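Engineer: Could you look at this predicted model? Sequence included:
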Amino acid sequence: MSVLIFLIPIALFLGGLGIVAFLWSLGAGQFDDLTGAAERILEDEPL
Amino acid sequence: MSCCANLVDTTVAGSAADAPRNSHLEDIARSAQIDADGTAHLVVSATAINCGACVRTLERGLAALDGVQAVRVNLTLRRITLQLANAAQIGAVLDEMQRLGYPATLVDDAALGREDAEAKTLLQALAVSGFAAGNVMLLSVSVWAGAEGATRDLFHMLSAMIAVPIVGWAGQTFFRSAIAALRAGRLNMDVPIALALILSLTMSVVETARGGEEVYFDAALTLTFFLLVGRYLDRLMRARARRAVVSLGRLAARGAYRVDPEHGLEWIAVEDIQPGMVLRLAVGDRAPVNGVICNGRTTLDRALVSGESEPVAGEIGSEVEAGVLNLSGPIELRATARAEDSFLADVMKMMDVAEQGRAGCRRIADRAAALYAPVVHLLALITFAGWMIAGAGAHESLFIAISVLIITCPCALALAVPVVQVIAAARLFEAGILLKDGSGLERLAQADTVVFDKTGTLTTGIPGIRALGTLTMPDVALTLARHSSHPASRALARELNSAREVELVDIFEEAGQGIEGRLPDGRVARLGRPEWVAKIALDLPSAQASTAFAIAGERACGFALAEVLRPGAHQTIWELVADVEGVALLSGDAPHAVNKVARQLGIEAAQARLTPQAKVARIAELQADGARVVMVGDGLNDSPALAAAHVSIAPSSASDVGRMAADFVFTRPSLRAVPQAMDIARRAARLVRQNLGIAVVYNCIAIPIAVSGHVTPLVAALAMSGSSIVVVANALRLAGVKEAKTVGVQTIPEQLV
């Protein structure tokens, strides 16, 4: 069971990484204009 | 890709070049933030943005202008964020937006900003608690799977380290709301929630310290997670609808041009207007305060103020109420009252009084909570006492009592209402109906009487025109009509849109009379007041005509303005008459106009010439008789009635005040939104009742198990998640329902009455 000493911190760290990434993207305005992002992807040239 | 053609309104350009800018543009220009180096940051709203092509058109069009450093269109919010080299460019940008077909409106959302921040905090709490719930659940699963001894204690400790701080942080919303409710001496849904969270955590921490077997960290976290889902959805729905309502734009300006004898024209805020000041009103402006015209002549649109459908002439000495729209010529207005004494302010005061009648209506969730919380708490207490008497130790009795509280924590109950309402709001949104608040949905489901306003509600508010004779040269009439912004000219231009414009010279508008032009062969053509047109014509147009057209020396053709029914009006009234107990028409317009519409649509109870007070009184009368009234109206004069009625609906063309007062705002032209909204509200109410029923059934099964001491953390986790999922799945049925079958023709063409 001593492997848990490594596995649990690793699991928590990876999960934490995910949540930090989500909170960052929320704060950076990535979710501010979802409809617009869906339309912009159809543009050939960057606007 | 291009779903929206650029319909540039050619009739807008009518005011003289030296006239002041429209006061809306001035308002927008003043909302810009200017940096120290002169860079201007501006956020404007444009409701015409609705597809990817709009984004491209606007971003390319505006970026090509001089001095535009950055432009970004937000399609979700229908907003444009601009960075300009200096503030002087703002006018050019706004003009370009107008030219592209996306008139800008002011973003006015100080209140929304705060709400957005709250929603963001909730989303963060939701994300963190979801993460924690997942991890702790996995640790719990391994305990249930058979982890023992030191491993189990380690897992419990880890769970405690994750659960305690995160529930404490993410659950703040519930703790605050519970404390506020207890301080006020009430019980709401958050009291049993907060109690269950705190007790389950405390008990689990104690158990962990003792090396016990059963801890409820996973239950506390999943509870927090599910409850936050409900809370966030609720917030999201309201924020979206409110933002949509706000972005419809303000109709009332925040300021006006003052004609100062010493300084010339000067822009002042509405609050600073004093009686006696002279204000300049450009074409398309609304009067900011009550006043008397002291210079110029024009046509005034009083539809939003009094419900009158026919535009009236405004001459020197005419009184103008705040909110009246100036249609055809620039005028100067001598203010007779300050803003807080004006008509608009009177309406607001009436609304405040009227709204108090509604305060007695309590949300269904709060009613359920008021019943539920005492029962559950009492039950836990009895369980504790019962086990003590039966001889179990204090520790075990307390453990069982707390497990009762955990298992009865109103998770399903707290999700039962918001999930249904969010889905209903999404259904309404698809139908072009904005719901401002979940309680409106509950109230609409109870409604049994529908009261309509006429002008702007049953009718489009944009007049149509009917020819009273034969029009000999429609091309010439169209050309003249396109050069004027008078409502009759606009209606004529729309009517004659199949004709072709011809070359005319010397076109000029005689204020208050009409518009005149010269054909290439030298003959004069006039479009305007019948007496003025008759001066050049061979004969007088028919007596009913309010407008006439003639070419010098030929016969005149008269026109009468006619109201155009909203699309779907017939079908709506027909459906409602069959569906609800009463349909009535309350209007401020003249009896003949009201009766014509009532007869056409088959509404029996119609009253005309009602003041705003009379409308409120009439609705109060109906409600005193036990009716639950839906008020559908748009004008300033309807606003107190909108606030007084049990529930209210306004078209998006309504006055600012009306839109703010209404619970629902419909953005499509069709009146069918009214029965549609009622249908969705009733389905939602049915689902809410079913969901509450499910929650009760769940408790009937779970409580005996808990009271008898058979609940383990595994049972609690399954029961709570299971009941929440059932409730959410039941609510999702609303999303799948097809729209009620529409009988007969859906698109009855617009009709003149």
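Structural biologist: Perfect, I can see it now. Everything numeric here is computed off the predicted structure, so don't read it as measured data.

Engineer: mind listing the helices for chain A?
Structural biologist: Secondary structure of chain A (DSSP state H): helices at A:4-27, A:34-40.

Engineer: Can you tell me which of the ones you listed is packed in deepest?
Structural biologist: helix A:34-40 (a mean of 15; mean count of other Cβ atoms under 10 Å in any protein chain shown). Every C-beta, even on glycine, is put in place using the N, C-alpha and C of the backbone.

Engineer: what's the spacing between the closest residue to chain A within the stretch 151-300 of chain B and B:A170?
Structural biologist: Using Cβ to the nearest Cβ, the single residue of the stretch 151-300 of chain B nearest to chain A is B:T151, 5.6 Å away. Remark: distance between B:T151 and B:A170 (Cβ to Cβ, to the nearest Å) = 28 Å.

Engineer: Pretty sure A:V3 is one of the things the residue of the stretch 151-300 of chain B closest to chain A touches, is it not?
Structural biologist: No. Contact criterion Cβ atoms under 8 Å: B:T151 and A:V3 do not qualify, at 11.4 Å.

Engineer: quick one: low-confidence parts of the stretch 151-300 of chain B?
Structural biologist: The stretch 151-300 of chain B contains residues with pLDDT under 70 at B:241-254.

Engineer: And the strands in it?
Structural biologist: For the stretch 151-300 of chain B, applying DSSP state E, counting those that start in this stretch gives strands covering B:255-260, B:264-269, B:278-281, B:291-295, B:298-301.

Engineer: need the contact list for B:A63.
Structural biologist: When contacts are counted by Cβ atoms under 8 Å, 6 or more residues apart in numbering or on different chains, B:A63 touches B:V71.

Engineer: Residue numbers of chain A in contact with chain B?
Structural biologist: Counting by Cβ under 8 Å from any Cβ of the partner chain, chain A comes close to chain B at A:1, A:4, A:8, A:11-12, A:15-16, A:18-19, A:22-23, A:26, A:32-36, A:39-40, A:42-43, A:47.

Engineer: let's go with 7 Å and repeat that
Structural biologist: Neighbours of chain B within chain A, by Cβ under 7 Å from any Cβ of the partner chain: A:1, A:8, A:12, A:15, A:19, A:22-23, A:26, A:32-36, A:39, A:42-43, A:47.

Engineer: do the host helix or strand of B:V44 and chain A meet?
Structural biologist: If you go by DSSP states H and E, B:V44 is part of strand B:40-45. No. Strand B:40-45 lies out of reach of chain A by Cβ under 7 Å from any Cβ, never closer than 12.4 Å.

Engineer: still on that earlier bit, B:T151 and A:V3 - which one has more neighbours?
Structural biologist: Neighbour totals were compared for B:T151 and A:V3, and B:T151 leads with 14 against 7 (other Cβ atoms under 10 Å in any protein chain shown).

Engineer: What distance do you get for that one to B:V143?
Structural biologist: 8 Å.

Engineer: re earlier: and the residue of the stretch 151-300 of chain B closest to chain A, how far from B:A160?
Structural biologist: For B:T151, the distance to B:A160 - Cβ to Cβ - is 15 Å.

Engineer: same thing with B:C294?
Structural biologist: 78 Å.

Engineer: and if you look at B:V476?
Structural biologist: Noted for B:V476: a distance of 87 Å to B:A160, by Cβ to Cβ.

Engineer: just A:D44 next, same as before
Structural biologist: Taking Cβ to Cβ, one finds A:D44 at 55 Å from B:A160.

Engineer: out of these two, which sits in the more crowded spot?
Structural biologist: Between A:D44 and B:A160, counting by other Cβ under 10 Å, B:A160 is the more crowded of the two (19 against 4).

Engineer: and B:E271, what does it touch?
Structural biologist: B:A339 (Cβ atoms under 7 Å, 6 or more residues apart in numbering or on different chains).

Engineer: Tell me which helix or strand the closest residue to chain A within the stretch 451-600 of chain B sits in.
Structural biologist: Across the stretch 451-600 of chain B, the shortest distance to chain A (Cβ to the nearest Cβ) belongs to B:P567, at 26.8 Å. If you go by DSSP H and E, B:P567 is not part of any helix or strand.

Engineer: Next, count neighbours for the nearest residue to it once chain neighbours are set aside.
Structural biologist: Excluding its sequence neighbours, the residue lying closest to B:P567 (Cβ to Cβ, 6 or more residues apart in numbering or on different chains) is B:S670, at 4.7 Å. Applying other Cβ under 10 Å, we find 19 residues neighbouring B:S670.

Engineer: Show me the shaky parts of the stretch 351-500 of chain B.
Structural biologist: B:354-362.

Engineer: so where is chain A shaky, pLDDT-wise?
Structural biologist: A:1, A:45-47.

Engineer: wait, B:M137 sits on B:F217?
Structural biologist: No. Using Cβ atoms under 7 Å, B:M137 makes no contact with B:F217, being 9.3 Å away.

Engineer: more neighbours, the two?
Structural biologist: Of the pair B:M137 and B:F217, B:F217 is the one with more neighbours under other Cβ under 10 Å, namely 31 against 18.

Engineer: Can you name the residues that contact the more buried one?
Structural biologist: B:136, B:159-160, B:163, B:204.

Engineer: quick one: which of these is nearest to B:P261?
Structural biologist: Taking Cβ to Cβ as the measure, B:A163 is the one of the contacts of B:F217 closest to B:P261, at 73.2 Å.

Engineer: Skip the chain neighbours and tell me the closest residue to that closest one.
Structural biologist: Nearest non-adjacent residue to B:A163 (Cβ to Cβ, 6+ apart): B:F217, at 4.0 Å.

Engineer: Does at least one residue of stretch B:116-125 sit close to chain A?
Structural biologist: Yes. Counting by Cβ under 7 Å from any Cβ, contacts between stretch B:116-125 and chain A involve B:120, B:123-124.

Engineer: returning to what we had before: show me what the strand holding B:V44 is packed up against.
Structural biologist: The contact analysis (3 or more Cβ pairs under 7 Å, 6 or more residues apart in numbering or on different chains; DSSP states H and E) places strand B:40-45 against strand B:79-84.

Engineer: Go again with 8 Å.
Structural biologist: strand B:33-34, strand B:79-84, helix B:90-100, strand B:105-106 (3 or more Cβ pairs under 8 Å, 6 or more residues apart in numbering or on different chains; DSSP states H and E).

Engineer: Need the contact partners of it.
Structural biologist: B:28, B:31-35, B:77-87, B:89-90, B:93-94, B:97, B:104-107, B:247, B:249.

Engineer: and with 7 Å instead?
Structural biologist: By Cβ under 7 Å, 6+ apart, strand B:40-45 touches B:28, B:32-34, B:78-84, B:86-87, B:90, B:104-105, B:107, B:247, B:249.

Engineer: what about the nearest residue to B:R302 once chain neighbours are set aside, which SS state?
Structural biologist: Among residues not flanking B:R302 along the chain, B:E308 sits closest, at 4.9 Å (Cβ to Cβ, 6+ apart). Of the three states, B:E308 takes coil under DSSP: H, G, I helix; E, B strand; the rest coil.

Engineer: Per-residue pLDDT of B:E308, please?
Structural biologist: pLDDT for B:E308: 77.

Engineer: Equivalent analysis for the one 3 residues further on, please.
Structural biologist: Predicted confidence (pLDDT) for B:P311: 78.

Engineer: hang on, it packs against B:L300?
Structural biologist: Yes. Assessed by Cβ under 7 Å, B:P311 is found in contact with B:L300 at 6.4 Å.

Engineer: Quickly list what's touching both of the two.
Structural biologist: By Cβ under 7 Å, 6+ apart, the residues touching both B:P311 and B:L300 are B:L327.

Engineer: and B:L561, what are its bridge partners?
Structural biologist: Note on B:L561: beta-bridge partners B:I465, judged by DSSP bridges.

Engineer: Neighbours of it, how many?
Structural biologist: 20.

Engineer: which ones are touching it?
Structural biologist: Applying Cβ under 7 Å, 6+ apart, the residues near B:L561 are B:310, B:463, B:465, B:488, B:491, B:546.

Engineer: Buried members of these into PyMOL, please.
Structural biologist: Per 16 or more other Cβ atoms under 10 Å in any protein chain shown, the buried members of the contacts of B:L561 correspond to this PyMOL selection:
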select buried, chain B and resi 310+463+465+488+491+546
